[in-house]
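K.L.:
dropping a prediction and its sequence here:
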Amino acid sequence: MKNVKKITRALTFILLLSTGFLFAQDRAINANQLPRTAKNFIAGNFKGIAVGSVIEDREIYGVDEYKVYLSNGTKIEFDSKGNWKEVDGKHQKLPYGFIPAGIRNYVAKSFPNTYVIKIEKERWSYKAELSNGVDLKFDKDGNFNRIDD
């Protein structure tokens, strides 16, 4: 009897896990299907750079995020509402228009011959990677916190 219960529990767990994977899927979409906020972000900051592909990351409860790959190699992650979460230039200089002024100013003053190649917006902070390999942490207002290891 104990073995039957264990087997039933194991099968139920496997069934629930596999059902979650069926509903949580990535799928390719057209760039026109992105939220307006994301489309405006791309048009305003990456003018003249074509969108190569867009992946919609769906979870059981709906869209979790969008991953946009530009023709120049840049990868942009957006949340479900189209707000940017991460921009990775793949070692290329990122446009500064969307980067908070505090971060731009700190980088220009403290690391004059470098530029931001990747930036991540976290809940309470920002993380920026510079062209020289240095990772910097900033608070939500763009004030420098520390060099990140």
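P.N.:
That came in fine, so what should we check first? Owing to the predicted nature of the structure, the values given are computational and were not obtained by experimental measurement. Numbering: from 1, shown residues only.
K.L.:
got the residue ranges for the helices in the chain?
P.N.:
Taking DSSP state H as the criterion, the chain contains helices spanning 2-23, 36-45, 101-110.
K.L.:
weakest of these by average pLDDT?
P.N.:
Lowest mean pLDDT within the helices of the chain: helix 2-23, at a mean of 54.
K.L.:
buried residues in stretch 87-97?
P.N.:
Counting neighbours by 16 or more other C-beta atoms under 10 Å, one finds that the buried residues in stretch 87-97 are 87-89, 94, 96. For glycine as for every other residue, the C-beta is placed from the backbone atoms N, C-alpha and C.
K.L.:
filter those residues down to just the ones in strands.
P.N.:
Per DSSP state E, strands hold the following members of those: 87-88.
K.L.:
farthest pair within the buried residues of stretch 87-97?
P.N.:
D88 and Y96 (15.4 Å; C-beta to C-beta).
K.L.:
that older thread, out of the buried residues of stretch 87-97, which one sits closest to A28?
P.N.:
With C-beta to C-beta as the yardstick, the closest approach to A28 among those comes from D88, at 19.1 Å.
K.L.:
correct me, but that closest one touches V116?
P.N.:
No - under the criterion of C-beta atoms under 8 Å, D88 makes no contact with V116, lying 10.6 Å away.
K.L.:
where does the prediction get shaky in the chain?
P.N.:
Scanning the chain with the threshold set as pLDDT under 70 gives 1-24, 61-63, 149.
K.L.:
roughly how far apart are I117 and T37?
P.N.:
Taking C-beta to C-beta, to the nearest Å as the measure, I117 falls 23 Å from T37.
K.L.:
pick out whichever of the two has more residues nearby.
P.N.:
Neighbours per residue, other C-beta atoms under 10 Å: of I117 and T37, the larger number sits with I117, 20 against 13.
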